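A.B. asks: Okay, predicted coordinates and the sequence, questions at the end:
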Number of protein chains: 2
Amino acid sequence: MPGRRGPYICGIDAALDVVSGKWKGLVLWELHAHGTRRFAELRRALPGVSEKMLTQHLRQMEEDGLIHRKVYAEVPPKVEYSLTQAGAALNEALRPLGDWGRERLRQNGLAVEGPPPPKDPTTA
Amino acid sequence: MPGRRGPYICGIDAALDVVSGKWKGLVLWELHAHGTRRFAELRRALPGVSEKMLTQHLRQMEEDGLIHRKVYAEVPPKVEYSLTQAGAALNEALRPLGDWGRERLRQNGLAVEGPPPPKDPTTA
DNA sequence: GGGGGCACTTACCAACTGGTGTGTACCCCA
DNA sequence: TGGGGTACACACCAGTTGGTAAGTGCCCCC
């Protein structure tokens, strides 16, 4: 997934380049809400994601320094994903955008799909 | 360009859906920085954009209620684009993201392309 | 021994994104 | 008369994104 990877004209498109992708925002959200998640947990949390896309996005986000991937050398494979500092900062930066998006959904009479997440730190 | 247009899982992906597109962030930035721009001004401001893509993005952003399109019934065609209230709010919401992106570029030793914009309200 | 889970990988394919190139209708300037 | 500008529309094409389906190796449970 080479995508653009620059050159960029301003910070906005540098940031957008990094979060663009059908599931990246959701992965960030999930990791932010729960702290640490395993692969299968993320898959279940993202309705409709294929395993291929999830690994692809996860790998790229790792490459971009947004998430940390910890592999346990156990017999049933176990991998834990968590946000790096940069990822957490990105999530903070994404918060106003999320607010805007929710306000927009509200005004258009559209509701978010599925049940609201049980834990939602900082009302992100 | 039907894209997703929902259903969305959280505000983040609703917002990202609206700003995703190679030039949308830049258009928002340009309009934010200058207030009102004509088609050809935008084209010149976005190095490398094709006319097709610009109209396409502009149309969709208008449909999404982000920008306002004012057509003057003059003989050499004249169209002016400006941000709507929603577009301006989106831009505000995008600011922290832009900060994050610039910080990221700085840390990676990458500089933004081209000369910095002459006027830059709110250091966006 | 069958079925399921874990965390992937690979191959193939359809859809969408974005680029190029052309045409339009009218104008101004030289 | 030629060239350039304005604001597009249209057709065609390549590349990227994302989906589907299958396979992998090892485990546990019944």
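C.D. replies: Looks like it arrived, so ask away.

A.B. asks: going forward, measure contacts and count neighbours with C-alpha atoms only.
C.D. replies: Fine.

A.B. asks: quick one: the helices in chain A?
C.D. replies: A:11-19, A:24-34, A:39-45, A:51-63, A:85-107 (DSSP state H).

A.B. asks: Could you look over those and pick the most buried one?
C.D. replies: helix A:11-19 (a mean of 24; mean count of other Cα atoms under 10 Å in any protein chain shown).

A.B. asks: do that helix and DNA strand D meet?
C.D. replies: No - Helix A:11-19 lies apart from DNA strand D when judged by Cα under 7 Å from any atom of the strand; the minimum separation is 8.8 Å.

A.B. asks: Helix A:51-63 and that helix, what's the angle between them?
C.D. replies: 130 degrees (axes from the mean of the first three to the mean of the last three Cα atoms, to 10 degrees).

A.B. asks: ok, residues contacting helix A:11-19?
C.D. replies: A:4-6, A:8, A:25, A:61, A:64, B:20, B:25-26, B:94-95, B:97-103, B:105, B:112 (Cα atoms under 8 Å, 6 or more residues apart in numbering or on different chains).

A.B. asks: Could you pull up phi and psi at the most far-flung residue of chain A relative to its centre?
C.D. replies: Largest separation from the mean C-alpha position in chain A: A:Val75, at 27.5 Å (Cα atoms, centre = their mean). Per-residue torsions, A:Val75: phi -70, psi -50 (degrees, to the nearest 10).

A.B. asks: what sits against A:Ala93?
C.D. replies: By Cα under 8 Å, 6+ apart, the neighbours of A:Ala93 are B:Pro96, B:Leu97, B:Trp100.

A.B. asks: between those residues, which is closest to DNA strand C?
C.D. replies: Comparing the contacts of A:Ala93 against DNA strand C with Cα to the nearest atom of the strand picks out B:Leu97 as the nearest, at 18.4 Å.

A.B. asks: pretty sure that closest one contacts A:Leu90?
C.D. replies: Yes - counting by Cα atoms under 8 Å, B:Leu97 touches A:Leu90, with 7.1 Å between them.

A.B. asks: contacting residues around A:Arg38?
C.D. replies: A:Lys78, A:Val79, A:Glu80, A:Tyr81.
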